[in-house]
Structure formats: C-alpha cells, structure tokens
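>>> predicted model and sequence below, questions to follow.
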Amino acid sequence: MSSNLSALLSATFYEGGYDHQVEIIHQRDAEARRRLESLEVSLYDQDGALLAAPRVDPARDILDLGALVRDSTDAGERVMVVFDARYDEAIFPYRPHHYAYLHRASSPAPPLYYAINAVLGGVPNRVGATHINNFETYVFRRGPFDQRYSVLLGCLARFVPVQVQIFTYYGSQRIAQEVTLAPKCHREIDLAPDHEGERLARVEIKALFRLVSYVVGRRADTGDLMLFDHLFTYAK
C-alpha cells in the first residue's frame with residue numbers, strides 16, 4: 001500500500017433485526033469520480049474473535065450492513081464492524097467520512113442517522129492527529145426518561161488490552177467505574193438514568209487510546225434504539 005495514501009479508520013456496531021445502511025461515499029462531485037482507493041472491512045464478536053473479512057468494492061455508494069453480516073457470519077449477537085479506508089488527497093481534498101441509517105424493522109421508533117465513529121489509525125500525520133485523543137464526553141438533553149442508557153465501547157488495539165474509565169454525572173455527583181477491554185473486544189456498559197434524585201446529565205470516557213465509543217438510548221418497553229451517537233472529543 002502506498003505511503004502517499006491517507007487513511008481513515010472507523011467502526012460501528014450491528015445488531016440483528018435492524019436495517020443498517022452505510023454511506024461509503026457521502027459526497028461526490030458532478031462526475032461522480034470520487035471513490036476510495038481501498039476499503040477493508042472486518043467483523044468481530046464481543047470476545048475479539050475475527051468472524052469475517054468480507055470483500056467490499058470501494059467504489060460503491062451504499063453498504064447494506066445487515067446483509068453483509070448475515071452473508072458473512074452466523075453470529076446471533078452484536079458484531080463490531082471495522083472500516084479501514086484509504087484515499088488519495090488529490091481526489092478527496094477533505095477527510096472523507098462514513099454516515100449510516102439505522103432503523104428496526106416494523107418499529108414505531110424514528111430512524112436514526114449518524115456519523116460512524118472515526119478512530120486513530122492508518123497514517124496519523126495524514127489525518128491531522130498530533131496528540132492522543134483520550135477524553136470524550138456526551139451531554140444528555142433534559143427531558144422525561146422513558147429510555148435506558150448505555151455506552152458501547154470497542155477496542156481496536158492489536159496486541160494489548162486497554163483500560164477505560166467511565167464517569168457519569170448526576171447534578172454535582174460523579175460516579176466512576178473502570179472497564180478493561182482486550183484487543184478487538186467490545187462491550188455495552190449500562191448507565192443508570194438517575195442517581196439519588198438527580199438525572200443523568202453527562203458521561204465521559206477516558207482511555208490511553210481512543211476507542212470506538214457510542215452513547216446508546218433504548219426504549220424502556222421494547223428496547224428499540226432511540227439514540228445512537230458517537231461521543232465527541234472536546235480535549236486532546
């Protein structure tokens with residue numbers, strides 16, 4: 001692979017029963033010439049085992065994630081999907097990104113449209129990374145709690161486990177917990193919606209390496225996804 005190519009490493013999670021469509025190329029010019037130089041996709045189970053590495057045409061626009069997972073594995077549990085994309089800056093003068101549409105079949109819940117979480121990887125000096133991203137946060141909207149909340153974390157390290165600190169804020173109170181993730185493992189960590197009469201206001205993730213991290217909200221009665229969004233890095 002040419003060292004002149006820039007890299008974008010990102011990941012998301014697939015759960016059975018959802019229509020999950022990924023925009024591989026979010027923007028094109030009038031002649032539709034913009035395309036990735038290459039795209040490698042890897043699927044991992046929650047224990048970090050590689051389930052499959054299906055071939056994906058880097059020139060395609062939309063990837064049906066559900067069909068890809070079903071055709072490549074027999075996994076009945078959540079799967080972490082890793083995208084390793086390479087692109088030529090002469091074609092993409094900006095850093096490309098992947099976006100996705102997510103909706104549970106026959107669910108009255110609204111569909112979700114989100115940006116797939118990018119992580120450090122590939123050629124760091126080409127993606128504008130000069131410091132390790134180790135602090136991410138998410139602020140919850142105030143409103144009635146008819147949802148249950150969690151964070152989905154995935155470790156993209158190749159050889160060593162990563163220790164993660166999770167801080168949840170309820171008014172002036174802060175609750176801390178630690179989670180250790182082995183390479184390529186992923187876990188869903190439940191967050192209490194309230195604590196001692198105070199509502200969940202913010203969650204922070206701290207780790208030595210930047211992880212795949214999404215904040216998740218599910219309907220309390222059906223478990224349907226109502227919130228699926230990656231945490232935002234405010235400090236580096």
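Perfect, I can see it now.

>>> please count neighbours and contacts with C-alpha atoms only from this point.
OK.

>>> for Arg60, which non-adjacent residue is spatially closest?
Ile24 (6.8 Å; CA to CA, 6 or more residues apart in numbering).

>>> with Ala176 instead?
Distance criterion CA to CA, 6+ apart; nearest residue to Ala176, sequence neighbours excluded, is Phe167 at 4.6 Å.

>>> quick one, domains of the protein?
Under the assignment automatic domain parsing, the domains of the chain span 6-126, 135-235.

>>> include mean pLDDT and mean neighbour count when you put those domains into CSV, please.
Formatted as CSV, those follow (pLDDT from 0 to 100; neighbours: other CA atoms under 10 Å):
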stretch, mean pLDDT, mean neighbour count
domain 6-126, 84, 17
domain 135-235, 87, 17
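
>>> partners of the residue nearest to Ala176 in the sheet?
Counting by DSSP bridges, Phe167 is bridged to Ala176, Glu204.

>>> so it makes contact with Ile205?
Yes. With contact defined as CA atoms under 8 Å, Phe167 counts as touching Ile205 (6.6 Å).

>>> residues in contact with stretch 89-98?
The contact list for stretch 89-98, computed with CA atoms under 8 Å, 6 or more residues apart in numbering, reads 5-6, 8, 22-26, 34-35, 115-116, 118, 127.

>>> make JSON lines out of these and add distance to Glu15 and secondary structure.
As requested, these are exported to JSON lines (distance: CA to CA, whole Å; DSSP: H, G, I helix; E, B strand; the rest coil):
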{"residue": "Leu5", "distance to Glu15": "32", "secondary structure": "coil"}
{"residue": "Ser6", "distance to Glu15": "30", "secondary structure": "strand"}
{"residue": "Leu8", "distance to Glu15": "23", "secondary structure": "strand"}
{"residue": "Val22", "distance to Glu15": "14", "secondary structure": "strand"}
{"residue": "Glu23", "distance to Glu15": "18", "secondary structure": "strand"}
{"residue": "Ile24", "distance to Glu15": "19", "secondary structure": "coil"}
{"residue": "Ile25", "distance to Glu15": "23", "secondary structure": "coil"}
{"residue": "His26", "distance to Glu15": "23", "secondary structure": "coil"}
{"residue": "Arg34", "distance to Glu15": "30", "secondary structure": "coil"}
{"residue": "Arg35", "distance to Glu15": "28", "secondary structure": "coil"}
{"residue": "Ala115", "distance to Glu15": "17", "secondary structure": "strand"}
{"residue": "Ile116", "distance to Glu15": "15", "secondary structure": "coil"}
{"residue": "Ala118", "distance to Glu15": "19", "secondary structure": "strand"}
{"residue": "Val127", "distance to Glu15": "29", "secondary structure": "coil"}
